[in-house]
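Asks: kindly generate the corresponding structure for this input.
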Amino acid sequence: MDIATVIVWIKISVVFYLLTILAIVDIVRKDFGTIGKKALWGIIAMIPFVGWLIYLIFGFRKGKKPVQGDQ
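Replies: Purely as a prediction, here's the structure:
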(Lines give C-alpha, C1' and ligand atoms only; values in the text may rest on other atoms or scores of the structure.)
Protein backbone atom coordinates (compact mmCIF):
# COMPACT_ATOMS: atom_id res chain seq x y z
CA MET A 1 0.00 0.00 0.00
CA ASP A 2 1.51 3.31 -1.01
CA ILE A 3 1.31 6.63 0.83
CA ALA A 4 -1.24 8.12 -1.59
CA THR A 5 -3.72 5.34 -0.80
CA VAL A 6 -3.21 5.84 2.92
CA ILE A 7 -3.84 9.57 2.59
CA VAL A 8 -7.06 8.95 0.65
CA TRP A 9 -8.30 6.58 3.37
CA ILE A 10 -7.43 9.08 6.08
CA LYS A 11 -9.38 11.81 4.28
CA ILE A 12 -12.41 9.53 3.87
CA SER A 13 -12.25 8.59 7.55
CA VAL A 14 -12.06 12.23 8.64
CA VAL A 15 -15.15 13.05 6.56
CA PHE A 16 -17.14 10.21 8.13
CA TYR A 17 -15.93 11.22 11.59
CA LEU A 18 -16.98 14.85 11.09
CA LEU A 19 -20.41 13.84 9.76
CA THR A 20 -20.91 11.62 12.80
CA ILE A 21 -19.93 14.46 15.15
CA LEU A 22 -22.35 16.83 13.38
CA ALA A 23 -25.17 14.31 13.75
CA ILE A 24 -24.44 13.85 17.46
CA VAL A 25 -24.30 17.62 18.05
CA ASP A 26 -27.66 17.97 16.29
CA ILE A 27 -29.15 15.21 18.45
CA VAL A 28 -27.88 16.87 21.64
CA ARG A 29 -29.45 20.20 20.64
CA LYS A 30 -32.90 18.81 19.76
CA ASP A 31 -35.81 17.57 21.84
CA PHE A 32 -37.14 14.17 20.76
CA GLY A 33 -39.89 13.96 23.36
CA THR A 34 -38.20 11.46 25.67
CA ILE A 35 -34.68 10.74 26.80
CA GLY A 36 -35.03 7.21 25.44
CA LYS A 37 -35.68 8.43 21.90
CA LYS A 38 -32.79 10.87 22.13
CA ALA A 39 -30.48 8.10 23.37
CA LEU A 40 -31.63 5.77 20.60
CA TRP A 41 -30.86 8.35 17.92
CA GLY A 42 -27.49 8.94 19.55
CA ILE A 43 -26.68 5.24 19.40
CA ILE A 44 -27.84 5.04 15.79
CA ALA A 45 -25.71 8.06 14.84
CA MET A 46 -22.62 6.35 16.27
CA ILE A 47 -22.91 3.31 13.99
CA PRO A 48 -19.68 3.40 12.00
CA PHE A 49 -19.87 4.88 8.50
CA VAL A 50 -23.68 4.78 8.07
CA GLY A 51 -25.14 5.98 11.38
CA TRP A 52 -25.05 9.66 10.42
CA LEU A 53 -26.78 8.83 7.13
CA ILE A 54 -29.53 6.85 8.86
CA TYR A 55 -30.06 9.77 11.24
CA LEU A 56 -30.10 12.26 8.36
CA ILE A 57 -32.72 10.28 6.43
CA PHE A 58 -35.00 9.14 9.25
CA GLY A 59 -34.32 11.17 12.41
CA PHE A 60 -33.25 14.66 11.38
CA ARG A 61 -36.82 16.01 11.07
CA LYS A 62 -38.19 14.16 14.10
CA GLY A 63 -36.51 16.31 16.73
CA LYS A 64 -37.54 19.85 17.51
CA LYS A 65 -35.21 22.65 18.50
CA PRO A 66 -36.27 24.10 21.85
CA VAL A 67 -37.42 27.70 21.88
CA GLN A 68 -35.30 30.19 23.83
CA GLY A 69 -37.69 30.30 26.82
CA ASP A 70 -37.56 26.52 27.46
CA GLN A 71 -33.96 26.47 28.62
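
Asks: give me every residue that touches the residue nearest the centre of the chain.
Replies: Nearest to the mean C-alpha position of the chain, by Cα atoms, centre = their mean, lies Ala23 at 2.2 Å. Residues near Ala23 by Cβ atoms under 8 Å, 6 or more residues apart in numbering: 45, 51-52, 55-56. For glycine as for every other residue, the C-beta is placed from the backbone atoms N, C-alpha and C.

Asks: again, only using 6 Å
Replies: Applying Cβ atoms under 6 Å, 6 or more residues apart in numbering to Ala23 gives the contacts 45, 52, 55.

Asks: name the element it belongs to?
Replies: If you go by DSSP states H and E, Ala23 is part of helix 3-29.

Asks: distance between that helix and the chain's centre?
Replies: 10 Å (Cα atoms, centre = their mean, to the nearest Å).

Asks: neighbours of the residue nearest to Phe16 when sequence neighbours are not counted, how many?
Replies: Spatial nearest neighbour of Phe16, excluding adjacent residues (Cβ to Cβ, 6 or more residues apart in numbering): Phe49 at 5.5 Å. Each residue near Phe49 was counted by other Cβ atoms under 10 Å, and the total is 12.

Asks: state the distance from Val50 to Ile7.
Replies: Separation of Val50 from Ile7 (Cβ to Cβ, to the nearest Å) stands at 23 Å.

Asks: oh sorry, the question was meant for Ala45
Replies: Taking Cβ to Cβ, one finds Ala45 at 27 Å from Ile7.

Asks: looking at these two, which is more packed in?
Replies: Shown here are Ala45 and Ile7; by other Cβ under 10 Å, Ala45 has more neighbours (24 against 10).

Asks: please name the nearest non-neighbouring residue to the more buried one.
Replies: Using Cβ to Cβ, 6+ apart, the nearest residue to Ala45 is Ala23, at 4.1 Å.
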